[in-house]
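> 3D, please:
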Amino acid sequence: MKKHLCLFITAFFSLCIYAQEGHEKFKDKFDDVFEEEENQNLTLRFFNALTGDPIEGAIVSIEDLGEYTSDAEGKVRFPITEDGFLKIHFECPKYIDSDFKAEVIASTLFSNRFSVSPMLDLKDVRIVLDWDQSPKDLDAHFIKDGSYHISYRNTRILTDGSGELDRDDMDGYGPETITIRDIDNLAEYNYIVQDYTNKGNDGSSGLASSKAHVSVYGEGRLLYTFRIPQGTRGSKWAVFQIKEGQFIEINQIF
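Numbering: from 1, shown residues only. Got it, this is the predicted structure:
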């Protein structure tokens, strides 16, 4: 009886946390749209890839537009600029310096949320998934051929070094984060994103419309960024492989 009660209480508080996070994310989106329409400002937001918390005090340099400091909500705001790609450089103590691109389309940002990795050991690889409000639940899968499969079902694997799902997100936006230590250069790995919200619906366009992007950190820097292809139907996104220590882009929805 006590065990069941503890499980119920744990589940209840987990749901409360997710509900609160979902409310805050929706509020952020509303605030950004209001700021854009009323004050003609665009907003970028930066989050801790391990916790999902906003990053305060980061120096954010936007090419041709200047330098800004992120506030307690992890955001910087700047005047609306012409359409095209913005080159963004992020610096903050205890985080990996990162360079991003943000696309302005029809005077609005296509995607404005970026999750940044705290410092890593040089041998570690951290994979971070961000997306938009919908679908609510995208799941990251990291699979070592013939060995293990890290996902929400198996969050921690210790069979060859260590690896874990650091953060599972079920209410939109992300981040959903996996950290791997000591990649085996003789092994093959695959990283796949599944649209759990539309699981099994191969005709769904939800995944392609999710604005998902994947950031890969390693060697003390941001190594790769993969952006989801649009206009395709399916519930799975094969993002990349690692073969003999080399990253190979796949970037296909199926």
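> where are the low-confidence patches of the stretch 1-150 of the chain?
1-23, 26 (pLDDT under 70).
> all strands for it, in order.
Remark: strands assigned in the stretch 1-150 of the chain by DSSP state E, counting those that start in this stretch are 41-48, 59-62, 66-69, 75-79, 84-91, 98-105, 108-109, 113-116, 124-130, 138-144, 148-150.
> Each with direction, which strands does the second one pair with?
By that I understand strand 59-62. Strand pairing for strand 59-62, determined by DSSP bridges: strand 66-69 (antiparallel), strand 84-91 (antiparallel).
> Out of those, which gets nearest to residue 51?
Residue 51 sits nearest to strand 84-91 of all these, at 16.7 Å, using CB to CB. No exception for glycine: its C-beta is placed from N, CA and C like everyone else's.
> quick one on the thing from earlier: could you say which one of the strands of the stretch 1-150 of the chain comes nearest to residue 197?
Judging the strands of the stretch 1-150 of the chain by CB to CB, what sits closest to residue 197 is strand 138-144, at 7.7 Å.
> can you give me the offset of the closest one from its chain's centre?
13 Å (CA atoms, centre = their mean, to the nearest Å).
> Number of residues surrounding the nearest residue to residue 129 once chain neighbours are set aside?
Counting by CB to CB, 6 or more residues apart in numbering, residue 176 is the residue found nearest to residue 129 once chain neighbours are left out, at 4.4 Å. When counting by other CB atoms under 10 Å, one arrives at 28 neighbours for residue 176.
> Same question for residue 33.
12.
> One more: residue 219?
12.
> what's the answer for residue 127, then?
Count around residue 127 with other CB under 10 Å applied: 27.
> among the strands of the stretch 1-150 of the chain, which is nearest residue 205?
The nearest among the strands of the stretch 1-150 of the chain, by CB to CB, is strand 138-144 at 14.1 Å.
> just to revisit the earlier point, does the residue nearest to residue 129 really touch residue 140, like I thought?
Yes. Using CB atoms under 8 Å, residue 176 is in contact with residue 140, at 4.8 Å.
> shared neighbours of the two, which are they?
129, 165 (CB atoms under 8 Å, 6 or more residues apart in numbering).
> So for residue 115, what's the nearest residue that isn't a sequence neighbour?
Leaving aside its sequence neighbours, residue 115 sits nearest to residue 175 (CB to CB, 6+ apart; 3.7 Å).
> need the contact list for the one you found.
With CB under 8 Å, 6+ apart, residue 175 has these contacts: 47, 49, 52, 115, 128-130, 167, 169.
> same thing but at 10 Å, please
Residue 175 is in contact with 47-52, 113-117, 127-131, 140, 166-169, 215, counting by CB atoms under 10 Å, 6 or more residues apart in numbering.
> what's the answer for residue 186, then?
243-245.
> Where do the domain boundaries of this protein fall?
2-115, 120-253 (automatic domain parsing).
> so which of those is the most packed in?
Stretch with highest mean neighbour count among those: domain 120-253 (a mean of 18; mean count of other CB atoms under 10 Å).
> Can you give me the end-to-end span of that one?
Start to finish, the residues bounding domain 120-253 are 30 Å apart (CA to CA, to the nearest Å).
> any idea how far residue 142 lies from residue 75?
30 Å (CB to CB, to the nearest Å).
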